[in-house]
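Colleague: Have a look at this prediction, sequence included:
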Amino acid sequence: MDLMTFDFPSDANPMKDKARTMIQMVRAINETHLSELDVPDSERLEVSCITCHHGLEKPRQLGDVLASVLDADGVEVAVQTYHELRERHYGSSAYNFRAGVLGGLGERLMEEGKLEAAIEILTLENEQNPNFAYGHSLSATAYEKAGDSVAALEHMQKAVDVAGPDQKPFFSRALEELKQKSQR
C-alpha cells in the first residue's frame, strides 16, 4: 500500500471527527475530572484510549456483546460467539472471561423472563468455571423458576460442594430451603 495515495490533512473522513471527540473526552477526564481528586502525585490517575477500548474498536463488555447477539440471533449463536471470542481474545485485555460474567448475563435473562436462554448461558458459565459456586446457585434458581426441582437441587448441591469455607454456610442454607420447597 502506497501511503502517498492518502490525503492525511483532509477532514473528509468522518472517523477523524470521532477520534478528535474521543481525544477531547480523554483530556477532559484527565485534566478536569481526575485532577480534582485529592490524591498524591505518586498515585495520580490517568485514563487513555486503552482504559475503555482494551484494543477493540468498539469498547463493549462481553456480557453486552453476547446479549446483543442473543437478541438478534438466539442463544446458540451467542454461545458460539462466546467460544469464538474466547479463542481469539483469551489472555488479552479485550474481554473479561472470568467467572461471573456469564452469570451476570444469566441473571439479566432471568429477570427478563428468558429462562431457556438463561439456563443455556448459565450452563456455559458452569462449563467454563466449574468451581464457581455462585454460577451453580444461579443455575439452581433458573431451574427452579422453570419448574425443574430436580435440576435445581443438583445445581445447589454442586454450589455447596465447590463453595469455599466462607460461602458454604450460605449455599447450605439455600440448599435446605430448596429441599423444603420441593417437598411441598
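Modeller: Done, it's in. Residues are numbered from 1 along each chain as shown.
Colleague: and stretch 24-41, how far from the chain's centre?
Modeller: Chain-centre distance of stretch 24-41: 27 Å, with C-alpha atoms, centre = their mean, to the nearest Å.
Colleague: Revised request: answer the last question for stretch 129-145.
Modeller: That offset, for stretch 129-145, works out to 16 Å (C-alpha atoms, centre = their mean).
Colleague: Could you export that stretch as CSV, CA atoms only?
Modeller: In CSV, the C-alpha atoms belonging to stretch 129-145 read as follows (Å, rounded to 0.1, in the frame of the first residue of the first chain):
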residue,chain,number,x,y,z
ASN,A,129,-16.0,-22.2,35.6
PRO,A,130,-17.0,-25.5,37.3
ASN,A,131,-15.7,-24.4,40.7
PHE,A,132,-17.7,-21.1,40.8
ALA,A,133,-20.3,-21.8,43.4
TYR,A,134,-22.4,-18.8,42.6
GLY,A,135,-22.8,-20.0,39.0
HIS,A,136,-24.3,-23.2,40.1
SER,A,137,-26.5,-21.3,42.5
LEU,A,138,-27.8,-19.2,39.7
SER,A,139,-28.5,-22.3,37.6
ALA,A,140,-30.4,-23.7,40.6
THR,A,141,-32.5,-20.5,40.6
ALA,A,142,-33.1,-20.7,36.9
TYR,A,143,-34.2,-24.3,37.0
GLU,A,144,-36.4,-23.7,40.0
LYS,A,145,-38.1,-20.9,38.1
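Colleague: State the mean pLDDT of it.
Modeller: If you average the pLDDT over stretch 129-145, you get 98.
Colleague: Domain boundaries for this protein, per the record?
Modeller: By the record's domain assignment, the chain is partitioned as 21-53, 61-183 (automatic domain parsing).
Colleague: Which positions within the first one qualify as buried?
Modeller: For domain 21-53, burial by neighbour count (16 or more other C-beta atoms under 10 Å) applies to Val26, Ile29. C-beta here means a position set from N, CA and C on the backbone, and glycine is covered the same way.
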